[in-house]
Structures are given as structure tokens and as C-alpha cells.
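> Mind folding the following:
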Amino acid sequence: MIRGVIFDMDGIILDSEKIYFSCWRQSAMEFGFDMKPEYALAVRSCCQPYAEPYLKRVLGEQFDYLAIRNRRRELVSEYMAEHGVEVKKGVRELVSYCREHNILPVIATATARKLAEDRLELAGIGGVFTEIIGGDEVTIGKPHPCIYQTVAANLGLNPEECLALEDSPNGVTAAFAAGCKTVMIPDLTQPEHSIQPLLYGIAEDLTEVIRIIAAANAEKGEGIEQ
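This next block holds a predicted model:
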């Protein structure tokens, strides 16, 4: 029975992963490092305790993670201030479906909560989500399951009652480890063979998630008991 839907933000709600990808590479280049595409892709949704050792391993111990990350953040903010950020297909439709069927929609993002709220506002969907948990509100971020465990507890649900929507292997790993039913909606990459066993399903976009929820809840009735 699916009673809650937990949305990642970047790559699921906002078409922003391509911006992060480009800005990671530009920032690294400014500091004299060649961040290959696969390196930038590997740290999507990844918190510092996981991302920093990985990038130092592939780029060298002299890689100044915090300085380069902070510059990447500046570049992302500058780009979005000038160009805005697009909303992914089906966001409003899926949230409306959830509310109509007494399913709780919530965001679980690696982005700090205030910044996430600002970017949703910039994208024109600031009022769509009333529940947001940011990466600054948990003790350790993705791919650790902490943020998904926290969201489920805040909703008063067991993780297995929650459908998690992710676009990256790090996010999928976190959601699965927490016990959520995890659906991948590929963005910059397709699901790797190693994570396919972790997936409850794969959807082309958020509108397809409606069918996944409906099928999962069909036999037992929909929504949360009132």
C-alpha cells in the first residue's frame, strides 16, 4: 500500500542536474582539474562524506573539494538567476493525484532546505509542495538512507509504505536502503545493471508514476485511512 510519495528535487522535479553537471566541470577546470563526465555524474545527490573521498581518489589528494564545490554552487546560482530552471513533466499532475487519493507528497533533497524553497519558487512551483526535507536537516546525506528514514518518520509512515522517486544511483541506493519502494526516472543516465535489482519500477516521466501507484494500490484500495 503506497501512502506517501517522496520526491527527489534535482532531476525529478527540476531539470537542474544538467546545470550541476556543467558547473561541476567548469568549477574544477577553474581550479586546474579535468573533471571527466563520469566523475561529475558519479557525485549526483552525493553528500560530502561520500563525494570528497571519491573525487580525491580519481582526481588526486590535492583536489580542494570544499573550495571547488563552493565555486560550483556560485556558478549554479548565477546560471539559474540568469536563465531560470525548468520544471519536469508531470509534477503538478502527480502531486494533484496524490492529494486527491490521500497520499502524502513530500520532497527529500540533498539541497539545503531554504535553497530548495528558493529554487522551487524560481521555477514557479513554490506553493506546490508543503513538506520539504533538505540535506541540511539530516545528519548524513545520500547515498545513506537517513533522509528517507527521516521523511517516513515525519509522515508517520513505514518506509515500505512510501514510493521514492529518484534519477541517480546514489538516490536509488539511499531510498532502497531505507526500505522504500523506489522508482527511477532516468535523467542524465539510464539505470545501471548494478542498481536494477533495487528498483520497484522505472518510469519515463512523472505522469507514468500515477499508473505505478494506481496499480500498487488497486487490490487494497487507495490512500490513507481517515
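
> mind listing what the nearest residue to Gly141 once chain neighbours are set aside touches?
Leaving aside its chain neighbours, Gly141 sits nearest to Cys47 (3.0 Å; criterion: C-beta to C-beta, 6 or more residues apart in numbering). Glycine gets a C-beta too; all of them are placed from N, C-alpha and C. Applying C-beta atoms under 8 Å, 6 or more residues apart in numbering to Cys47 gives the contacts 110, 135, 140-142, 144.

> mind checking pLDDT for Cys47?
Note on Cys47: pLDDT of 93.

> still on that earlier bit, now, which of the contacts of Cys47 sits nearest Ile2?
Lys142 (21.0 Å; C-beta to C-beta).

> Disregarding residues adjacent in the polypeptide, which is nearest to the closest one?
Nearest non-adjacent residue to Lys142 (C-beta to C-beta, 6+ apart): Ala174, at 4.1 Å.

> Can you report how many residues lie near the one you found?
Ala174 has 30 neighbouring residues, counting by other C-beta atoms under 10 Å.

> Report whether it is found in a helix, as I expect.
Yes: counting by DSSP: H, G, I helix; E, B strand; the rest coil, Ala174 is part of a helix.

> all strands for the protein, in order.
4-7, 104-108, 132-133, 162-166, 181-184, 201-202 (DSSP state E).

> Alpha carbons only: can I get the fourth one in CSV?
Just to be clear, that refers to strand 162-166. What follows is strand 162-166, C-alpha atoms only, in CSV (Å, rounded to 0.1, in the frame of the first residue of the first chain):
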residue,chain,number,x,y,z
CYS,A,162,6.5,5.2,0.6
LEU,A,163,7.2,5.4,-3.1
ALA,A,164,10.6,7.1,-3.6
LEU,A,165,11.3,8.9,-6.9
GLU,A,166,15.0,9.2,-7.9
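
> re the thing from before, roughly how far apart are the residue nearest to Lys142 and Cys47?
Counting by C-beta to C-beta, to the nearest Å, the gap from Ala174 to Cys47 is 10 Å.

> list residues touching both of these two?
Applying C-beta under 8 Å, 6+ apart, one finds that Ala174 and Cys47 are jointly contacted by 142, 144.

> Which residue ranges of the chain form helices?
For the chain, the helices defined by DSSP state H cover 17-30, 37-42, 48-59, 65-83, 91-100, 113-122, 146-155, 169-178, 206-217.

> If you count contacts, what does the second one end up packed against?
So the one you mean is helix 37-42. If you count contacts as 3 or more C-beta pairs under 8 Å, 6 or more residues apart in numbering; DSSP states H and E, helix 37-42 packs onto helix 17-30, helix 48-59.

> do that again at 10 Å, thanks
helix 17-30, helix 48-59, helix 169-178 (3 or more C-beta pairs under 10 Å, 6 or more residues apart in numbering; DSSP states H and E).

> which of those helices sits most buried?
helix 169-178 (a mean of 25; mean count of other C-beta atoms under 10 Å).

> Just list what it packs against, helices and strands only.
Using 3+ C-beta pairs under 10 Å, 6+ apart, helix 169-178 sits against helix 37-42, helix 48-59, strand 104-108, helix 146-155, strand 162-166, strand 181-184.

> try it again with 7 Å
Counting contacts by 3 or more C-beta pairs under 7 Å, 6 or more residues apart in numbering; DSSP states H and E, helix 169-178 is packed against helix 146-155, strand 162-166, strand 181-184.

> Thank you, goodbye.
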